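> my questions concern the predicted model and sequence given below.
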Amino acid sequence: MSAPRFQLSDELLRRFAASLRSAQLYSKGHPIIGRNLESLWAAIQLLHGLESSIVIGLVGDEVIVDDMPMAKAETLGPLVRRLQQTGVERITIDRGVTLDELSGFIEAVTDVEKQDPEKAAAAFPAFAHIRVGRVTVEQRVEGNLADMATIKRLYNDAVSVAGSLWESAETEGKPDATMARTMIDGLAQAVAQNRTALLALTTLKNYDNYTFTHMVNVSILTMGQARGLGIDGPLLREFGLAALMHDIGKVKTPLEVLNKPDKLTDDEFTVMKRHVVDGAEILRKTPDIPALAPVVAFEHHLRMDGSGYPHGVTRASLNVGTMLCSIADVYDAMRSQRGYQQAFPTDRILQVLKRNDGQQFDQNLVRRFVQLIGIYPAGNLVRLNTGEIAVVIKVHAPDPYRPHVRVLIERDGTRVEIPYELTLWEVPAENADPQRPASVVAPLDPKNYDFDPLLLM
């Protein structure tokens, strides 16, 4: 933070503290309260000359403005502690805030002290240019990323955050960029350290939570592909964030269209197609969202041969982020069972991706995607040609029907006490056991078994 910005932020906090104190000490309408509010509003206007939104965060015993620690929480008085206890840890003030809004906000903050902590945050009034919520700070993933339980917890947390992002886009007109970035940081870290395990979790199908799991799955699958192309660091996170937000325009799609259990009519599909334009507009107006995100939101239904939508839009070439997201989007949508569509086996999905002789999808990227995912992706429960049931541990690009597996149930149906591994692509010698498993013949639904194959990978 530059020196002028630091000074302006420091002045903002001092004026905020003075406004809180006067609102506590004097009755409503007292001129001292008014003078302090005007000084606070003036400090906010100066900072809004540098940025469209100001974020005051309460992290532990520190107060931060945007990303810079400024002071200890006690400098703002006991009300700050009270706010933290009620779950109000972040205050975002957008450009355009009025003096009346600011007065109502300070009054609401002082009223928090009189309320039940369990109900205070929920009862906090809504303001057009002031928002409160929980703060999210970038942190390393806790736990061992070689452990499937840690990866699974990370994935479930990401789906929960995706739901919150959708809700903020619905209610506030834009997703919470800070929350999104923090979530993507964790997923990108896992993609870098244990890509196979994280990709395996995208095989889970939560039909009741399709929208949010689809957001997370497409983000993971896009980052997995990008990582395979040598993309890492901040650019990998930009790819992941853009993919996470690719469908955010659907917050404006009428629910009767978005949640229709049957196939859409032509008119309904016309309404649905509007989400690419709406998504680009939402993301373009969202502070701290990388420029790639609105591009991917707008382009992800365009195809290399000029087909797709928005209708009439042509591109000499599509952004590589768009192409990776499009492949991930089609793949995850086809394998997810919904009311009007049965889940497709992976080999059929990959045939769709390869269709039209490479006119719709870049075949080099599709080939790399097949190598990444395989016909039977890691984490899939499968039946072997000799009858055993196993979980796929690692795909084998040259022969996707013969992955590395861990056997869980023998061919006679008995549970294996100590699971053992087989590398199916190792062709047995002529004098080897002819009963040795050699390939996968079918995927199985893990819901029909009393164990979680992912935790046995």
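Received it, and whenever you're ready, just let me know what you need.

> the strands in the stretch 251-400 of the chain, which residues?
Ranges of strands in the stretch 251-400 of the chain, per DSSP state E, counting those that start in this stretch, are 381-384, 389-394.

> contacts for the shortest one?
In this case it means strand 381-384. Residues outside strand 381-384 that contact it (C-beta atoms under 8 Å, 6 or more residues apart in numbering): 376, 389-392, 405, 407-408, 424, 437-446, 449, 453. In this view, the C-beta of every residue, glycine as well, is placed from N, C-alpha and C.

> residue 407: which element?
Using DSSP states H and E, residue 407 falls within strand 404-409.

> packing partners for that strand?
strand 381-384, strand 389-394, strand 415-423 (3 or more C-beta pairs under 8 Å, 6 or more residues apart in numbering; DSSP states H and E).

> least trustworthy helix or strand in the protein by mean pLDDT?
helix 117-123 (a mean of 52; mean pLDDT, DSSP states H and E).

> so in that sheet, which strands flank the next helix-or-strand element following it, and in what orientation?
From helix 117-123 onward toward the C-terminus, using DSSP H and E, the following helix or strand is strand 130-133. According to DSSP bridges, strand 130-133 forms sheet pairs with strand 90-94 (antiparallel).

> quick one: buried residues of the next helix or strand after the partner strand?
Per DSSP H and E, strand 90-94 leads on to helix 99-112 as the next helix or strand towards the C-terminus. Across helix 99-112, burial judged by 16 or more other C-beta atoms under 10 Å covers 101-103, 105-106, 108-110, 112.

> wait, residue 168 sits on residue 175?
Yes. The criterion here is C-beta atoms under 8 Å, and residue 168 meets it with residue 175 at 5.4 Å.

> mind checking which of these two has more residues around it?
Under the neighbour definition other C-beta atoms under 10 Å, residue 168 and residue 175 were set side by side, and residue 175 has more, 26 against 20.

> follow-up on the earlier one: tell me the angle of the strand holding residue 407 relative to strand 415-423?
Here strand 404-409 runs at 160 degrees with respect to strand 415-423, directions being taken by axes from the mean of the first three to the mean of the last three C-alpha atoms, to 10 degrees.

> can you list contacts of strand 404-409?
Here strand 404-409 makes contact (C-beta under 8 Å, 6+ apart) with 381-382, 384, 388-396, 415-416, 419-425, 437, 440, 451, 453, 456-457.

> if you set the cut-off to 7 Å instead, what comes out?
Strand 404-409 has contacts (C-beta atoms under 7 Å, 6 or more residues apart in numbering) with 382, 388-394, 396, 415-416, 419-424, 453, 456-457.

> and what about residue 9, helix, strand or coil?
Put simply, residue 9 is helix when judged by DSSP: H, G, I helix; E, B strand; the rest coil.

> so who does the nearest residue to it once chain neighbours are set aside touch?
Nearest-residue entry for residue 9: residue 65, 4.0 Å, with adjacent residues in sequence omitted and distances by C-beta to C-beta, 6 or more residues apart in numbering. Listed by C-beta under 7 Å, 6+ apart, the contact set of residue 65 reads 9, 12-13, 54, 56.
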